[in-house]
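Participant: Make a model of this:
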Amino acid sequence: LWLCGMYDLFNALLPCFGKCNSELSTAVNITWSSINFKTILQWQPVPTNYVYTVKISGINSNWEKACVHTKETECDVTDKLEKVKDTYTAHIVSEMLSGTEKFEEPPYAISPKFTPYNQTTIGKPGIQTYELTDSKLKVLVEDPLTPYRFPNKTFKSIREIFKNDLEYTLYYWKDLSTGKVKATTKSNQFEISIDKGENYCFYVQATILSRRENRKSQESNMNCTRHWEDGPAGTYLVKQVNRLVFSCCLFGPIVSTCIVKPLEMHASKLCKT
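Facilitator: Next up is the predicted model:
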């Protein structure tokens with residue numbers, strides 16, 4: 001009789017167990033989104049009465065947890081991927097909310113493999129300065145920064161990671177023309193010969209030479225040179241903007257003290273009279 005009662009109780013609870021397990025959905029559409037080694041793991045669906053925990057492991061590293069018991073559908077895993085040449089896998093674990101008794105290992109979904117060195121997208125290079133003098137165009141490229149730091153807390157650039165695997169290409173053309181010419185360098189500097197008296201437009205793009213896919217970076221902003229009508233070429237726009245900002249910072253207080261304040265005092269006297 002007792003056994004029959006237990007059997008009936010088990011049959012009554014069985015639908016509940018099935019329902020509870022069915023509510024634990026596993027993650028789908030798992031993707032890695034990475035720019036300059038800043039890496040976000042994303043997935044679906046949004047959880048209802050359960051949470052996610054992300055576990056990361058590389059071929060040469062142990063499992064680590066990230067974003068424990070989160071209800072979000074993305075996780076910043078940048079700090080877990082600092083060995084950029086390692087190949088990583090993530091487990092996205094679905095767990096019941098705290099307070100629910102655990103009878104078995106919770107289900108999880110497995111991400112695609114990800115190797116930061118080969119797969120992170122390289123962002124826009126910067127144009128630090130450029131100069132047009134006579135028949136030469138000089139361009140200084142600024143390396144994009146990564147989230148990783150040196151011991152002195154300064155950020156590493158992509159050059160510190162890719163080293164000789166990094167190459168820049170300068171695409172340039174005469175203003176109002178469509179015919180592009182290109183030059184390459186493994187340094188940050190370009191110095192190219194151009195037609196004297198002509199204006200040129202250009203942009204820069206990085207290439208990771210060892211890659212088979214996703215080799216090229218995003219394109220830098222386009223810049224165009226301008227000649228002065230009453231003088232030779234030789235001044236570039238970026239330097240002029242920098243000089244203007246510097247002048248405002250340096251002479252702003254002087255202008256305020258010597259010109260603006262006396263005018264305010266004079267206006268105040270007129271109002272009183």
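Participant: partner residues bridging Thr133?
Facilitator: Lys136 (DSSP bridges).
Participant: separation between it and Val139?
Facilitator: 12 Å (CB to CB, to the nearest Å). The way it works is simple: take the backbone N, C-alpha and C, and place the C-beta from them, glycine included.
Participant: Pick out whichever of these two has more residues nearby.
Facilitator: Val139 (26 against 14; other CB atoms under 10 Å).
Participant: Now name the helix or strand holding the more buried one.
Facilitator: Per DSSP states H and E, Val139 falls inside strand 136-142.
Participant: buried sites along the helix or strand following that strand?
Facilitator: Counting by DSSP H and E, the next helix or strand C-terminal to strand 136-142 is strand 145-149. Neighbour counts over strand 145-149 (16 or more other CB atoms under 10 Å) mark 145-146, 148 as buried.
Participant: Repeat that for stretch 188-204.
Facilitator: The neighbour-count check on stretch 188-204 (16+ other CB under 10 Å) flags 188, 190, 192, 194, 200-204 as buried.
Participant: Equivalent analysis for stretch 80-87, please.
Facilitator: Buried, per 16+ other CB under 10 Å, within stretch 80-87: 80-81, 84, 86-87.
Participant: Could you tell me the end-to-end distance of it?
Facilitator: 12 Å (CA to CA, to the nearest Å).
Participant: hmm, who's touching that stretch?
Facilitator: 37, 39, 56, 58-61, 64, 66, 88, 113-117, 120, 148, 161 (CB atoms under 8 Å, 6 or more residues apart in numbering).
Participant: Now do that stretch, average pLDDT.
Facilitator: Averaging pLDDT along stretch 80-87 gives 97.
Participant: Then stretch 147-154?
Facilitator: 96.
Participant: how about the helices in the chain?
Facilitator: With DSSP state H as the criterion, the chain has helices at 2-22, 116-119, 158-162, 237-255, 261-272.
Participant: gap between Leu166 and Asn188?
Facilitator: Taking CB to CB, one finds Leu166 at 10 Å from Asn188.
Participant: Identify the contacts common to those two.
Facilitator: 143, 159.
Participant: Find the residue at the geometric middle of this structure.
Facilitator: Among the residues of the chain, the one closest to the centroid is Ile35, at 3.8 Å (CA atoms, centre = their mean).
Participant: who's Met96 bridged to?
Facilitator: For Met96, the beta-bridge partners under DSSP bridges are Tyr50.
Participant: Show me the shaky parts of the chain.
Facilitator: 1-23, 98-103, 227-273 (pLDDT under 70).
Participant: Could you list the domains of it?
Facilitator: 25-119, 126-235 (automatic domain parsing).
Participant: what's the distance between the longest one and the middle of its chain?
Facilitator: Right, the one you point to is domain 126-235. 19 Å (CA atoms, centre = their mean, to the nearest Å).
Participant: can you redo the buried residues of stretch 188-204 as CSV with distance to Leu176?
Facilitator: Conversion of the buried residues of stretch 188-204 to CSV gives the following (distance: CB to CB, whole Å):
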residue, distance to Leu176
Asn188, 29
Phe190, 22
Ile192, 19
Ile194, 15
Tyr200, 11
Cys201, 9
Phe202, 14
Tyr203, 16
Val204, 21
